[in-house]
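A.B. asks: Build me a structure from this.
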Amino acid sequence: MVEWARRRCRKPQERDAKFYKEKGITVSLTAKEAKVLWERDGAASMKTPSLDRLDPHGPYAFWNCRIIEKSLNERLPHLSPEQLAALAISVDAEAIYV
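C.D. replies: Here you go, the predicted model:
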């Protein structure tokens, strides 16, 4: 997952450049941190795990990432703030959006 994120930010396809490289999205997430996310978020039991940034304008960093189902991750950009709030869950006493 970490290498995928790095490739996406360093050498994105022309159609993806506006979402990653041109926005200055960086990757500081390590393989060890990705493993913690994998276990914390229960990725092994997901159909298609996907790395998601909580703040879509922020970096791929441990504090800004989670693993969710790919199908949900693909829908997030199309949800209203109200719909996102309705999906809020609490993880380690911090509200994040699923």
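
A.B. asks: for the protein, which spans come out with low pLDDT?
C.D. replies: Within the chain, the ranges that satisfy pLDDT under 70 run 12-15, 17, 79, 81, 83-98.

A.B. asks: where exactly do the strands run in it?
C.D. replies: Ranges of strands in the chain, per DSSP state E, are 49-53, 65-69, 88-91, 94-97.

A.B. asks: Can you get me a residue count around residue 20?
C.D. replies: Neighbour count of residue 20, defined by other Cβ atoms under 10 Å: 20. Backbone N, C-alpha and C define where each C-beta goes, glycine included.

A.B. asks: With residue 75 instead?
C.D. replies: Residues contacting residue 75 under the criterion other Cβ under 10 Å number 12.

A.B. asks: Spit out the contact partners of residue 23.
C.D. replies: Contact analysis of residue 23 by Cβ atoms under 8 Å, 6 or more residues apart in numbering lists residue 57.

A.B. asks: what about residue 66, neighbour count?
C.D. replies: If you count neighbours by other Cβ under 10 Å, residue 66 ends up with 19.

A.B. asks: now residue 62
C.D. replies: Using other Cβ under 10 Å, residue 62 has 15 neighbouring residues.

A.B. asks: okay, which residue is most central for this structure?
C.D. replies: Centroid check for the chain by Cα atoms, centre = their mean gives residue 52 as the closest residue, at 1.0 Å.

A.B. asks: Can you name the residues bridging to it?
C.D. replies: Here residue 52 sits in beta bridges with residue 66, as judged by DSSP bridges.

A.B. asks: pretty sure it is touching residue 68, no?
C.D. replies: Yes: look at residue 52 against residue 68 with Cβ atoms under 8 Å: they come within range, at 5.1 Å.

A.B. asks: ok, now which ones touch the residue nearest to residue 44 when sequence neighbours are not counted?
C.D. replies: In space, and not counting its chain neighbours, residue 44 is closest to residue 38: 7.1 Å by Cβ to Cβ, 6 or more residues apart in numbering. By Cβ under 8 Å, 6+ apart, the contact list for residue 38 reads 1, 44, 49, 67.

A.B. asks: Not counting its own residues, what contacts stretch 59-78?
C.D. replies: Here stretch 59-78 has contacts from 1-2, 5, 9, 25-30, 33, 36-38, 41, 43, 46-56, 58, 84, 91, 96-98, using Cβ under 8 Å, 6+ apart.
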